[in-house]
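structure for the following, please:
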Amino acid sequence: MAATSRTKKKPASTGGSAEELRSYYERMSLVRAFELRASEMYARAKIGGYCHLNLGEEATVVGLVAALEERDYLYTTYRDHGYAIMRGIEPGAVMAELFGKATGVVGGWGGSMHMFDYDKRMLGGYGIVGGQIPPATGAALAINYRSEAGPESEAVMCLLGDGTTNIGAFHESLNLAGLWDLPIVYVIVNNRLGMGTTVEGASAEPELYKRGSAYRIEGLRVDGDDPIAVRDAARAALKTAREERRPGLLELMSYRLKGHSVVDPSRYRSKEDTDEAKGNDPVPAFRAKLIADSVLTEDQADAIDEKADKTVTEAVDFAEESPDPDVDELFSGVYASRVANAPAQFPGTPLMVAS
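The predicted model follows:
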């Protein structure tokens, strides 16, 4: 499939039990409801700073996280809300982080782009384009040092956007992963636009999964609107990473429904472009497929959507009622250990107080 094709995609595949398929729709519905409400809260000035949504990428989010084991490590881009929730972080804690509240995932200090929970092996949320790739590669190297290859081994999944494939850290990291046989799967979420620039306008090789070939890393392009296809491709790549200590590269074609961030009107996109994205919207498409296959009824699907809305409403209420971070904690957690000359007072605070 060419990155520029404007065709209606075939329905999602349905590999798995009815219970599993229903659970995937529940997760996709929850991510959709959360992101819609996050957009609303941003418009109401409840959320500040940057805010990038997973709208249109729900199948990719759910499929990738479904492929991970609890022991695996996940590094993401700044478009990370859905991944945090799917990794097991409470929606209320994610929403509170967006609100900058003390009950947020990282105490309200990280905001939208920096979700982190070590216990869930959710290691960011990185605001710098490509900033997650070297640390994720380093984590895979650490796994090599401390454990043998095998089905019970840990693995690393590192997400990145299509534009990130043009920066040095991408190529340097893939070179080392290929050279050192690291247990890592790099996942390019290709929404065909690096902010407002098309892949074809920025990359001499627009079929991005081929970029791993320079480092003898096997690549595969996958329909990112199909959660089952995403899950199966990610599982296979992770299996190879664990058992053979060979890195993998997946390119998931997943076109976001909105602009780069909530403040981006995406005027650079044509009407045909926008209509295609809406026509391939993975959430209603997966719902329709499950109903057609008698996995869900209309009433059951409606109940799932209502439950997702209720969960998100409770998350907003939790965030609204949560306290702001204590200003005295402003410098807490800046460094992992004590550092000489680290800031210890606020601007204007006297260094010495007269007795």
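
in stretch 255-273, which residues are buried?
255, 256, 257, 258, 259, 260, 261, 262, 266, 269, 273 (16 or more other CB atoms under 10 Å). Backbone N, C-alpha and C define where each C-beta goes, glycine included.

helix or strand right after the helix or strand harbouring the last one?
With the criterion set as DSSP states H and E, the secondary-structure element containing residue 273 is helix 271-279. Moving toward the C-terminus from helix 271-279, the first helix or strand encountered (DSSP H and E) is helix 282-292.

against residue 65, how distant is residue 19?
17 Å (CB to CB, to the nearest Å).

okay, these two: which has more neighbours?
Using other CB atoms under 10 Å as the criterion, residue 19 and residue 65 rank with residue 65 on top: 24 against 8.

hmm, that one is touching residue 85, no?
No - distance between residue 65 and residue 85: 9.1 Å, which falls outside the contact criterion (CB atoms under 8 Å).

what sits against residue 283?
28, 29, 32, 58, 59 (CB atoms under 8 Å, 6 or more residues apart in numbering).

now do 10 Å
With contact set as CB atoms under 10 Å, 6 or more residues apart in numbering, residue 283 has these partners: 25, 28-29, 31-33, 55-56, 58-59, 225, 257, 305.

surely residue 236 and residue 250 touch.
Yes - Residue 236 is in contact with residue 250 according to CB atoms under 10 Å; the separation is 9.5 Å.

hang on, the earlier thing: tell me which two of the buried residues of stretch 255-273 sit farthest apart.
262 and 273 (18.9 Å; CB to CB).

on that earlier part again, by contact count, what packs against the helix holding residue 273?
Using 3 or more CB pairs under 10 Å, 6 or more residues apart in numbering; DSSP states H and E as the contact criterion, no helix or strand is in contact with helix 271-279.

any idea of the mean pLDDT for that helix?
Averaging pLDDT along helix 271-279 yields 88.

so what's the gap between it and the chain middle?
23 Å (CA atoms, centre = their mean, to the nearest Å).

how far off helix 282-292 does that helix point, in degrees?
40 degrees (axes from the mean of the first three to the mean of the last three CA atoms, to 10 degrees).

got the contact list for the nearest residue to residue 147 once chain neighbours are set aside?
Excluding its sequence neighbours, the residue lying closest to residue 147 (CB to CB, 6 or more residues apart in numbering) is residue 153, at 5.5 Å. Listed by CB under 10 Å, 6+ apart, the contact set of residue 153 reads 69, 71-72, 143-144, 146-147, 183, 238, 241-243, 245.

name the element residue 153 belongs to?
Of the helices and strands defined by DSSP H and E, none includes residue 153.

kindly report the same for the one 5 residues further on.
Assigning secondary structure by DSSP H and E places residue 158 in strand 156-161.

return the list of strands paired to that strand, each annotated with direction.
strand 73-75 (parallel), strand 184-190 (parallel) (DSSP bridges).

pick the most deeply packed of the ones you listed.
Mean neighbour count (mean count of other CB atoms under 10 Å) peaks for strand 184-190 among those, with a mean of 28.

quick check: next helix or strand after it?
strand 193-194.

strand partners (parallel or antiparallel) of whatever helix or strand comes next after that following strand?
Going down the chain from strand 193-194, the next helix or strand is strand 197-198, by DSSP H and E. Next to strand 197-198 in the sheet, as set by DSSP bridges, lie strand 193-194 (antiparallel).

can you list contacts of the partner strand?
By CB under 10 Å, 6+ apart, strand 193-194 touches 129, 161-166, 199, 201-203, 255-256, 259-260, 266, 268-269, 273.

report the distance from stretch 318-327 to the chain centre.
25 Å.

again with stretch 125-145
With CA atoms, centre = their mean, you get 15 Å for stretch 125-145.

buried set for it?
Under 16+ other CB under 10 Å, the buried positions of stretch 125-145 are 125-127, 129-137, 139-140, 143.

and which of the residues you listed is nearest residue 322?
Nearest to residue 322 among the buried residues of stretch 125-145, with distances taken as CB to CB, is residue 125, at 19.4 Å.

Three-state assignment for the closest one, please.
Classification of residue 125 using DSSP: H, G, I helix; E, B strand; the rest coil returns coil.

quick one: residues contacting it.
74-81, 83-84, 97, 105-106, 110-117, 131-132.

ok, residue 281 next?
Contacts of residue 281 by CB under 10 Å, 6+ apart are 32, 55, 56, 58, 59, 225, 255, 257, 287.

the first one: how many residues sit nearby?
It refers to residue 32. 27.

just checking, it touches residue 284?
Yes - taking CB under 10 Å as the definition, residue 32 is a contact partner of residue 284 at 9.5 Å.

now do the SS call for residue 100.
Three-state call for residue 100 (three-state DSSP): coil.

which pLDDT value belongs to the residue nearest to it when sequence neighbours are not counted?
Take residue 100 and drop its neighbours on the chain: the residue closest to it by CB to CB, 6+ apart is residue 108, 4.5 Å away. You'll see residue 108 listed with a pLDDT of 94.

ok so residue 108 is a helix residue?
No - Residue 108 is assigned coil when assessed by three-state DSSP, not a helix.
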